[in-house]
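Undergrad: quick one: sequence plus predicted model below, questions after.
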Amino acid sequence: MTEKKAVIILFGGSGDLAKRKLYPALFQLFVRGDLQEHFAVIGTARRPWSDEYYQEIVTAAVTNLPQATTKQVKAFASHFYYQSHDVTDSAHYVTLKTLAEKLDKQYDIGGNRIYYMAMAPEFFGVIAGHIKSENLLTPDGFNRLVIEKPFGHDHASAKELNDSISATFDENQIYRIDHYLGKEMVQGILALRFGNQILEPLWSKDYIDNIQITLAEAVGVEERAGYYESSGALRDMVQNHIMQLMAYLTMEKPDTFSPEVVHKVKDALFSSLHRYTPEEAAQNFIRAQYVSADVNGQTVNGYRQEDGVAEDSMTETFVAGKLLLDTPRWEGTPIYLRTGKRLTRKSTQVTVTFKPVANNIFATDGEPAAPNRLTIYVEPTQGYRLEINGKTLGQTFALSQESLDFRHDDASVAKAPEAYERLLLDVLRGDQTNFTRWAELDQSWQYVDVIRQAWDATKAMPTYAAGTMGPQASMDLLTDSGRDWAFKPTHIKLAD
Ligand SMILES: NC(=O)C1=CN([C@@H]2O[C@H](COP(=O)(O)OP(=O)(O)OC[C@H]3O[C@@H](n4cnc5c(N)ncnc54)[C@H](OP(=O)(O)O)[C@@H]3O)[C@@H](O)[C@H]2O)C=CC1
Ligand SMILES: O=C1O[C@H](COP(=O)(O)O)[C@@H](O)[C@H](O)[C@H]1O
């Protein structure tokens, strides 16, 4: 493995994301040797911390990780420096530049810079503007911008944001994070699709009846009402994570596995989203909000009773919908998606239901054979299950459903890199495959805006009881065409 070199300037160094995700991910890269001697992190935020205090914060964030030894943690934390900095004040960028140059020399980095925006999105454009106006970009090595979600609030604000960062960074320097793209089993969709001759030729409307994507969460809004109230499930989960999963499930096969080619086929896929009129969107996408319920003997708050949520909040905590693609491969094949908070249990999974065999010669009553079904378990379980028909044991010839199951074991899952670790390594390596591009967001925001527009035209906010899999209307989306959600958990598990 070649050691990676960079000065990482982290805007929002005292924030929750930095402490919970970024420091642990960087530490794992350090332990694995991807980062060794030639890196430095400059954390910035307004609070007046010293380098020593900042290093204590970083130490606390990584000290309890399973692989952490005191020696390693100390060596790791010594690479961290702090600058008190208000991102709106251009004078601070001058000192930031000087410090970055000093550390570049000290650690023999060669001019590489990563600018990580772990702050509220309203600051993204301001920071990018100052990086340019105060000449922070280095001519010698690489300059890469990592930008957190949410990337905009709607199409107009996403475009405005994109224009503002694009005034400083080229598209090939921008790494827009969608942490689902860093998940093992999301990346595994590509392996499954394009690495198996038994699947690849069947992956189309000719053989597949429907695809279902579920991102179910057991938790409620937690402490994030401030953000979630203005977001809701459609913007928080559908526009980004679900759309990305959908693209990996349905895009054409890239000729090579390179970022440019993967993005080219993804761009084409996003351009083929079948756009609904607002009336069609209202029929094909439903929303709802969770209400209080007794779950496993405990009363669980409804969304409107959560801290920071308005009593008359019109924010949806659940979305289900039917999406169509205008491509020869998928014309007419429904892709059902749903996501929500306070559902029966945490589970991200995909189910691909194949069409039943034509002319079931084993049926005496003309009944079709059960359809084959492939389930991809993304999280917390990670693995696959293929349901097939076999002969029922015994004398009479009848079909019975059997399954081929594979699960990654817990120990291997625990050892595998976490999403942020994978993505940070990709940034260090300069691999943009697992990041989103503007062309995709351009399309997905336009798609989602129509749904929002349709919902905003009505005052109705349907509800579902906490601990269930959403409202009846979500089931009706499928039952109307004789289908059913494949994932129907019964045992409620609100805490993981
Ligand atoms: N937390 C999470 O799990 C996730 C977060 N994200 C995204 O990551 C980003 C950061 O989120 P999160 O860490 O939770 O947010 P926090 O509110 O915890 O952190 C915000 C950071 O910004 C700093 N800050 C605020 N205003 C200024 C300013 N004017 N100048 C300089 N620094 C400032 C704060 O420090 P100070 O107050 O000292 O200035 C703090 O370090 C957001 O875009 C969020 O949507 C995405 C996915 C998950
Ligand atoms: O981006 C987000 O994702 C989380 C769910 O992520 P997961 O990795 O736990 O599946 C969600 O809770 C949050 O609301 C959203 O902002």
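TA: Here it is on my side, so go on. Numbers count the residues shown, from 1 in each chain. Ligands and ions are numbered 1, 2, ... in the order given.
Undergrad: number of residues surrounding the closest residue to Phe142 other than its chain neighbours?
TA: In space, and not counting its chain neighbours, Phe142 is closest to Asn112: 5.2 Å by C-beta to C-beta, 6 or more residues apart in numbering. From N, CA and C alone the C-beta is placed, and that goes for glycine too. Using other C-beta atoms under 10 Å, Asn112 has 21 other residues around it.
Undergrad: next, the contact list for Asn112, please.
TA: 5-7, 138, 141-142 (C-beta atoms under 8 Å, 6 or more residues apart in numbering).
Undergrad: pull out the buried members of the residues you listed.
TA: 5-7, 138, 142 (16 or more other C-beta atoms under 10 Å).
Undergrad: what's the most distant pair in those residues?
TA: Every pair in these was compared (C-beta to C-beta); the two farthest apart turn out to be Lys5 and Thr138, at 12.1 Å.
Undergrad: returning to that earlier point: and the contacts of Asn112, which is closest to Gln382?
TA: When the contacts of Asn112 are compared against Gln382 (criterion: C-beta to C-beta), the nearest one is Ala6, at 30.3 Å.
Undergrad: SS state for the closest one?
TA: Under DSSP: H, G, I helix; E, B strand; the rest coil, the three-state class of Ala6 is strand.
Undergrad: residues in a beta bridge with it, which ones?
TA: Phe39 (DSSP bridges).
Undergrad: quick check, the residue in this protein closest to ligand 1?
TA: Gly15 (2.4 Å; C-beta to the nearest ligand atom).
Undergrad: what's the pLDDT at that residue?
TA: pLDDT for Gly15: 95.
Undergrad: enumerate every residue touching it.
TA: Gly15 neighbours (C-beta under 8 Å, 6+ apart): 45, 118-119.
Undergrad: filter these by proximity to ligand 1?
TA: 45, 118-119 (C-beta under 6 Å from any ligand atom).
Undergrad: on that earlier part again, which of the contacts of Gly15 fall in helices?
TA: Secondary structure defined by DSSP state H assigns none of these to helices.
Undergrad: nearest to ligand 2 among the residues you listed?
TA: Ala118 (13.7 Å).
Undergrad: list the contacts of the nearest residue to that closest one once chain neighbours are set aside.
TA: Of all residues not flanking Ala118 in the chain, Gly12 sits nearest, at 3.6 Å (C-beta to C-beta, 6+ apart). Gly12 sits next to 18, 44-45, 116-119 when contact means C-beta under 8 Å, 6+ apart.
Undergrad: where does Met1 land on pLDDT?
TA: At Met1, pLDDT is 66.
Undergrad: from the contact counts, what lies against the helix or strand harbouring Trp455?
TA: Secondary structure assigned from DSSP states H and E places Trp455 in helix 438-456. With contacts taken as 3 or more C-beta pairs under 8 Å, 6 or more residues apart in numbering; DSSP states H and E, helix 438-456 sits against helix 155-166, helix 243-250, helix 259-271, helix 278-284, strand 285-291.
Undergrad: quick one: which of the contacts of Gly15 sit in strands?
TA: By the criterion of DSSP state E, membership of the contacts of Gly15 in strands covers Ala45.
Undergrad: low-confidence ranges, the protein, go.
TA: Applying pLDDT under 70 to the chain flags residues 1, 496.
Undergrad: could you pull out the helices for the stretch 51-200 of the chain?
TA: 51-62, 70-77, 91-106, 124-133, 155-166, 184-194 (DSSP state H, counting those that start in this stretch).
Undergrad: need those in CSV with mean neighbour count and distance to ligand 1, can you?
TA: Shown next, in CSV, are the helices of the stretch 51-200 of the chain (neighbours: other C-beta atoms under 10 Å; distance: least, C-beta to the nearest ligand atom, whole Å):
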stretch, mean neighbour count, distance to ligand 1
helix 51-62, 18, 10
helix 70-77, 16, 18
helix 91-106, 16, 8
helix 124-133, 19, 8
helix 155-166, 17, 11
helix 184-194, 18, 16
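Undergrad: stretch 261-279: how far from the chain's middle?
TA: 18 Å (C-alpha atoms, centre = their mean, to the nearest Å).
Undergrad: coming back round to it: and which of the contacts of Gly12 is nearest Phe80?
TA: Ala18 (10.6 Å).
Undergrad: what is the three-state secondary structure of the closest one?
TA: helix.
Undergrad: number of nearby residues for the residue of the stretch 201-350 of the chain found nearest ligand 2?
TA: Ligand 2 sits closest to Asp236 of the stretch 201-350 of the chain, with a gap of 4.8 Å, by C-beta to the nearest ligand atom. Using other C-beta under 10 Å, Asp236 has 22 neighbouring residues.
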